[in-house]
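**Student:** how does the following fold in three dimensions:
(one chain, ligands or ions: 1)
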Amino acid sequence: MGDKKRFTSLRKLDHLRICAEKEVESGDTGFGDIRFVHNALPECDMGTIDLTSRFLNHTFSSPLFISAMTGGHPGTKEVNSRLARAAERFGMGMGVGSQRAALENPSLADTFSVVRDEAPHAFLAANLGAVQLRDHGIEWAERAVEMIQADAIVIHLNFLQEAIQPEGDHNALGCLTAIGELCREFKKPVIIKETGCGISAATARQCWGAGVSAIDIGGWGGTSWAAVESIRAEESRNIQDRRLQTLGADFMGWGIPTVVSLAEVIATGGPVIASGGVRSGLDIAKGLALGADLCGMALPLLKPALEDDEALTRTIERIHQELIATMFLTGSVKIADLRKTRMFIVGNTRQMIEKENPARIKREL
Ligand SMILES: Cc1cc2nc3c(=O)[nH]c(=O)nc-3n(C[C@H](O)[C@H](O)[C@H](O)COP(=O)(O)O)c2cc1C
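**Tutor:** Got it, this is the predicted structure:
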């Protein structure tokens, strides 16, 4: 295997280890600035609350989506298989991590294809970076989808990470055109996804204009790639790389908070996945109430998935219990009812949303 390819694969293990062992979360999603109005007389039976959700013509038993994380090194296969088993068992959707490593080196394909083996009925999303799409075209997108028999492809945007990664790609020219071409020619839905810096209303309009089927906002306030890359730089033996540590640390505060990004993108259209710092069933309820169709989680599912199936099951059950309790206390029997509940939006989040989207705030009051 060439040096560059081996590097892509090894980076996958670095990311898993750093995310599992170090402090990689930074920022404020804005979920803390949202408060549901309690319904003291909910007139519903908590035992009959229905989490069924719809997204891109698929029906899910839960609105929790397992966000793209891994694959691409033999050491990542077991984590992917545990996540996929959970997706199958709970009727949830799942994304795999960037498939670049296996597209460069097909002997790694089984670290991704294992998800379809373990989750024959789940909605699965393939994953490719916008830069790889631009450089390799629709052929790579087709191979990525085929590798896991995916139901959709996610094209991820991660230019903050690229900017501070020693081996990062610093040229973003031509990505929107490549996305437009893919949307025109591809048979499967195309989902655009940020990876922790959020998507603005203006970017969302460009994406809808290019023909994308859905947007995953990947907002600020959860896993920070500035933090992850800063730690990688600190650990590097190369002096040049180590200089990037401060650059990473400087940009840990960069991004659009998840709630603000969600409000902006929802105002431009849908369907939308809310992700980035979603940490509980209560956060999921807030995301859905603001208009998301599904809510994605990465880091909170990675840690139990590195342990075993039982730990992952316990985590997902707890998240569902929190979501069901929130729905009960707002008198919401179905996910659609959550969207009609009243909420208070306060603080910085209110200020940021109000400026761009006064209609949203007016509806809440
Ligand atoms: C270990 C790890 C690897 C990731 N790799 C990818 C990736 O390859 N492609 C991608 O689109 N997002 C990737 N992400 C980003 C997540 O899908 C998600 O957008 C981000 O972590 C924010 O969600 P969180 O705060 O719940 O972790 C990764 C996240 C983690 C924790």
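**Student:** residues contacting the spatially most central residue of the chain?
**Tutor:** Nearest residue to the geometric centre of the chain (CA atoms, centre = their mean): S67, 4.3 Å. Listed by CB atoms under 8 Å, 6 or more residues apart in numbering, the contact set of S67 reads G95, D216, G218, S275, G296, M297, A298, L301. (Glycine included, C-beta is placed from N, CA and C.)
**Student:** now do K5
**Tutor:** Residues in contact with K5 (CB under 8 Å, 6+ apart) are A101, E104, N105.
**Student:** which ones among these are found in helices?
**Tutor:** Secondary structure from DSSP state H places A101, E104 of these in helices.
**Student:** out of the contacts of K5, grab the one that's most surrounded.
**Tutor:** A101 (24 neighbours; other CB atoms under 10 Å).
**Student:** burial measure for N57, as a count.
**Tutor:** Neighbour number of N57 under other CB under 10 Å is 10.
**Student:** make that E21, sorry
**Tutor:** As a burial measure, E21 scores 11 neighbours (other CB under 10 Å).
**Student:** so for it, what's the pLDDT?
**Tutor:** As predicted, E21 sits at a pLDDT of 94.
**Student:** same question, V272
**Tutor:** 98.
**Student:** so it sits against A263, correct?
**Tutor:** No - counting by CB atoms under 8 Å, V272 stays clear of A263, with 10.4 Å between them.
**Student:** re the thing from before, in helices only, show me the contacts of S67.
**Tutor:** Per DSSP H, helices hold the following members of these: L301.
**Student:** return the subset of the contacts of S67 lying in strands.
**Tutor:** In strands, defined here by DSSP state E, the members of the contacts of S67 are G95, D216, S275, G296, M297.
**Student:** can you tell me how far the closest residue to the first one other than its chain neighbours is from the ligand?
**Tutor:** The one in question is G95. Leaving aside its sequence neighbours, G95 sits nearest to A68 (CB to CB, 6 or more residues apart in numbering; 3.7 Å). Separation of A68 from the ligand (CB to the nearest ligand atom, to the nearest Å): 4 Å.
**Student:** okay, now stretch 237-248: how far is its last residue from its first?
**Tutor:** This stretch, stretch 237-248, spans 17 Å end to end (CA to CA, to the nearest Å).
**Student:** avg pLDDT for it?
**Tutor:** Mean predicted lDDT for stretch 237-248 stands at 80.
**Student:** buried residues in it?
**Tutor:** D241, L244, Q245, G248 (16 or more other CB atoms under 10 Å).
**Student:** right, and out of those residues, which lies closest to the ligand?
**Tutor:** G248 (15.4 Å; CB to the nearest ligand atom).
**Student:** now the closest one: how far from L83?
**Tutor:** 27 Å (CB to CB, to the nearest Å).
**Student:** A125 too?
**Tutor:** With CB to CB as the criterion, A125 and L83 are 12 Å apart.
**Student:** residues shared between the contacts of those two?
**Tutor:** Both A125 and L83 are contacted by M94, under the criterion CB under 8 Å, 6+ apart.
**Student:** and the pLDDT at the residue of the stretch 101-250 of the chain found nearest the ligand?
**Tutor:** Going by CB to the nearest ligand atom, the ligand is nearest to G222 of the stretch 101-250 of the chain, at 2.1 Å. On pLDDT, G222 comes in at 98.
**Student:** what parts of the stretch 51-200 of the chain come near the ligand?
**Tutor:** Residues of the stretch 51-200 of the chain lying close to the ligand (CB under 6 Å from any ligand atom) are S67, A68, M69, T70, G97, S98, N127, V154, H156, K193, T195, G196.
**Student:** keep only those of those that are in strands.
**Tutor:** Counting by DSSP E, these contribute N127, V154, H156, K193 to strands.
**Student:** among those, which two are most distant?
**Tutor:** Spatial extent of these (CB to CB) is set by the pair N127 and K193 at 8.1 Å.
**Student:** any shared contact partners between these two?
**Tutor:** A68, G95, V154, H156.
**Student:** do you know how far the third one is from F123?
**Tutor:** Computed with CB to CB, the distance linking V154 and F123 is 12 Å.
**Student:** for these two, indicate the residue with more neighbours.
**Tutor:** Legend: neighbour count by other CB under 10 Å for V154 and F123, higher for V154 (27 against 22).
**Student:** the longest helix in the protein is where?
**Tutor:** Counting by DSSP H, the longest helix found in the chain is helix 309-329.
**Student:** in terms of secondary structure, what does it contact?
**Tutor:** strand 64-66, helix 77-90, helix 281-289, helix 299-307 (3 or more CB pairs under 8 Å, 6 or more residues apart in numbering; DSSP states H and E).
**Student:** in the very next helix or strand once past that helix, what's buried?
**Tutor:** Once the chain leaves helix 309-329, the next helix or strand it forms, by DSSP states H and E, is helix 335-338. Across helix 335-338, burial judged by 16+ other CB under 10 Å covers I335, D337, L338.
**Student:** and what of stretch 296-314?
**Tutor:** The neighbour-count check on stretch 296-314 (16+ other CB under 10 Å) flags G296, M297, A298, L299, P300, L301, L302, P304, A305, L306, L312, T313 as buried.
**Student:** distance to L51 and pLDDT added to those, as CSV?
**Tutor:** Listed next are the buried residues of stretch 296-314 as CSV, based on distance: CB to CB, whole Å; pLDDT from 0 to 100:
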residue, distance to L51, pLDDT
G296, 15, 98
M297, 15, 98
A298, 20, 98
L299, 22, 98
P300, 18, 98
L301, 17, 98
L302, 22, 97
P304, 20, 97
A305, 21, 97
L306, 26, 96
L312, 18, 98
T313, 16, 98
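**Student:** mind listing what A227 touches?
**Tutor:** By CB under 8 Å, 6+ apart, A227 lies in contact with K22, E23, V24, E25, S26, G248, A249, M252.
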